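# Just need the structure, nothing else, for what follows:
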Amino acid sequence: MDPAAERRFVITMSCSDTTGIVARISGFLAEIGGWIVEAGYHSDPSTGRFFTRQVVRADSLPFDLDELRERFAAVAGGLDDPVWTVTDTGTPKRMVVLSSKEAHCLHDLLGRVATGELPVVLDAVIGNH
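Presented below is the predicted three-dimensional model:
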């Protein structure tokens with residue numbers, strides 16, 4: 001598969017729960033040509049918060065990550081108390097590994113990082129033994 005087709009933009013957001021949030025976000029993504037490959041929603045009645053995670057094919061948009069952030073800010077700005085991020089799966093995540101006495105899991109993770117199977121930047125390993 002084409003690596004460009006694998007690259008995704010991930011939108012995560014929480015805000016005060018109300019009606020129309022899903023329609024607002026999906027309508028925005030449809031308007032800009034965003035090809036949604038994953039969508040998750042959750043409402044927490046104990047806190048009154050709504051949570052979502054949207055994953056969009058990066059190659060479906062006619063602009064870059066910065067412009068997506070700028071445009072999504074207007075969508076989120078119309079909601080009550082929004083907290084959101086937009087990330088790019090093409091940018092490796094930074095990782096710290098916490099290790100206990102048994103080393104087999106640490107060896108597995110280090111091997112996956114070394115071979116590129118786990119595409120992260122390993123900043124540190126912290127152990128208690």
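
# in this structure, which spans are strands?
Assigned by DSSP state E, the strands in the chain fall at 8-16, 36-44, 49-57, 83-88, 93-99, 120-127.

# May I see the buried residues of the shortest one?
In this case it means strand 83-88. Neighbour counts over strand 83-88 (16 or more other Cβ atoms under 10 Å) mark Trp84, Val86 as buried. Quick note: C-beta positions are derived from backbone N, CA and C, even for glycine.

# where does the protein have its least confident helix or strand?
None of the helices or strands of the chain scores lower by mean pLDDT, DSSP states H and E than helix 3-6, at a mean of 66.

# thinking again about what came up before, I'd like the strands of the chain as TSV, with mean pLDDT and distance to Ser26 appended.
Formatted as TSV, the strands of the chain follow (pLDDT from 0 to 100; distance: least, Cβ to Cβ, whole Å):
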stretch	mean pLDDT	distance to Ser26
strand 8-16	98	11
strand 36-44	97	7
strand 49-57	98	8
strand 83-88	98	15
strand 93-99	94	26
strand 120-127	94	30
